[in-house]
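1. I'd like to go over a predicted model; first the sequence, then the structure.
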Amino acid sequence: MNHILRIGSRKSVLALRQAEMIAEQLKNKFPGLQTEILTRDTLGDQLLHSPLQAFGGKGAFVSEFEQALLEGSIDLAVHSAKDMPVSLPEGLVISALSEREDPGDVLILPKTALKTDKKELVIGTSSPRRQLQIREQWHSICGSTKWLDKESRPVCVTLRGNVQTRLKKLKEGACDGILLAAAGLKRLGIEEGEEWRFIRLSPEQFLPAGGQGILAVETKADTEAHRLCSQIDCRSSRLCLTAERSVLETLQAGCHAPVAVYANLFEEDGETKLRLRGINGPEHASQLTDAELKNKIRRVDLCGTLSEISVTTLADQAGKGLLWP
């Protein structure tokens, strides 16, 4: 490449760390390659006091970078794959995916307030997916740890901002607990320590968002940046994300719907298999009682051998299984 490879990134500490990770991979693959990280705010970064559902959903974090790619002011953009809409603008492609970091979520509680006798605990999260599952699984989560009262119940409130902002609000007492992605915490090196108690939620039970834990590198098609980035693509992430995004496309799911989908590869009897789990709940789950909610969630749990069934076929079956009649 005849010029410095320009990488588009949001301004948060986590976004910059993730852009640096991709830059490091490219430099390791192509010694002598020069990179530059160019930052900008997105609509999602600017409107922190409203839920994403109110102003554009997933595209709120990527549209500015896609415009910059099309205009040629950057060569590639690094996104959290879970933030990307299922449809890309014409001429743009996902050229590379990182190896998947821990795809699960973490319930974070302040250690100073763990022994509370409150019967309603305020949990900060703006994600309908997390709100749905924390309600549904609360009693089993309480049963897995001594830090939560089994007689308590969660009350979810909207909480947005970067990781540090959300932890600051938790420290200030705005919430009793918050839900964050394990991948972001690990990439930032944030550990339990003296301030926080981490309750890791298994991705096999508390299903993640499609793409959670994966970094996606977006470029224009048929460019030098596309060619370079394709050389660092992770095959297993590609297979899993293809399945997850296919399900989301079938459901036409964005940030409005409490939808979770998680694909993982495993070896059994000498064959590589893909397991695909998903849930689809009602958009207005917060207005339903626990009893009403229980009968309003569709689930799938499918498995196939890659040599016998294509990823897209399995995803098609999962998507149809999650659709409401």
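-> Received it, and whenever you're ready, just let me know what you need.

2. ok, the nearest residue to Asp290 once chain neighbours are set aside to Gln231 distance?
-> Take Asp290 and drop its neighbours on the chain: the residue closest to it by C-beta to C-beta, 6 or more residues apart in numbering is Arg135, 6.7 Å away. C-beta: built from backbone N, CA, C; applies to glycine. Relative to Gln231, Arg135 is positioned 44 Å away (C-beta to C-beta, to the nearest Å).

3. repeat for Leu288
-> Relative to Gln231, and taking C-beta to C-beta, Leu288 is found at 48 Å.

4. what about those two, which has more around it?
-> Neighbour count, other C-beta atoms under 10 Å: between Leu288 and Gln231, Leu288 has more, with 16 against 12.

5. and that one, what does it touch?
-> Neighbouring residues of Leu288 by C-beta atoms under 8 Å, 6 or more residues apart in numbering: Pro282, Lys296.

6. just to revisit the earlier point, mind listing what the residue nearest to Asp290 touches?
-> Pro154, Cys156, Ala285, Asp290, Leu293.

7. go on, Met84?
-> Lys58, Val62, Ile94, Gly211, Ala216, Glu218.

8. quick check: the fourth one is in a helix.
-> No. Using DSSP: H, G, I helix; E, B strand; the rest coil, the assignment for Gly211 is coil, not a helix.

9. quick check: buried residues in the strand or helix carrying the residue nearest to Asp290?
-> Arg135 belongs to helix 128-143 when assigned by DSSP states H and E. By neighbour count with 16 or more other C-beta atoms under 10 Å, helix 128-143 contains the buried residues Pro128, Arg129, Arg130, Gln131, Leu132, Gln133, Ile134, Arg135, Glu136, Trp138, Ile141, Cys142.

10. cool, stretch 224-238 as well?
-> Ala225, His226, Leu228, Cys229, Ile232, Cys234, Ser236, Ser237.

11. need the phi and psi values for the most centrally placed residue in the chain.
-> With distances taken as C-alpha atoms, centre = their mean, the residue of the chain nearest its centroid is Gln212 (3.1 Å). The phi and psi torsions at Gln212 (degrees, to the nearest 10) take the values phi -60, psi 130.

12. follow-up on the earlier one: nearest to Phe266, of the buried residues of helix 128-143?
-> Checking the buried residues of helix 128-143 against Phe266 by C-beta to C-beta gives Gln133 as the nearest, at 22.6 Å.

13. give me the nearest residue to the closest one, chain neighbours excluded.
-> Per C-beta to C-beta, 6+ apart, closest to Gln133 is Phe206, 5.2 Å.

14. so that neighbour is in contact with Pro103, correct?
-> No. Here Phe206 does not reach Pro103: they are 10.4 Å apart, not a contact under C-beta atoms under 8 Å.

15. ok so, going back, farthest pair in the buried residues of stretch 224-238?
-> The widest separation within the buried residues of stretch 224-238 (C-beta to C-beta) is 22.9 Å, between Ala225 and Ser236.

16. Ala221 and Arg245, how far apart?
-> Counting by C-beta to C-beta, the gap from Ala221 to Arg245 is 17 Å.

17. of these two, who's got more company?
-> More crowded of Ala221 and Arg245, by other C-beta under 10 Å: Arg245, with 22 against 11.

18. what does the pLDDT read for the more buried one?
-> Looking at Arg245, its pLDDT reads 96.

19. what's whichever strand or helix holds it in contact with?
-> For Arg245, the element it lies in under DSSP H and E is helix 235-251. Applying C-beta under 8 Å, 6+ apart, the external contacts of helix 235-251 come out as 81, 86-87, 97-100, 210-211, 214, 216, 257, 259, 261-265, 274, 276, 278, 280, 306, 311-312, 314-316, 318-320, 322-323.

20. buried residues in it?
-> For helix 235-251, the neighbour count (16+ other C-beta under 10 Å) marks 236-237, 239-248, 250-251 as buried.
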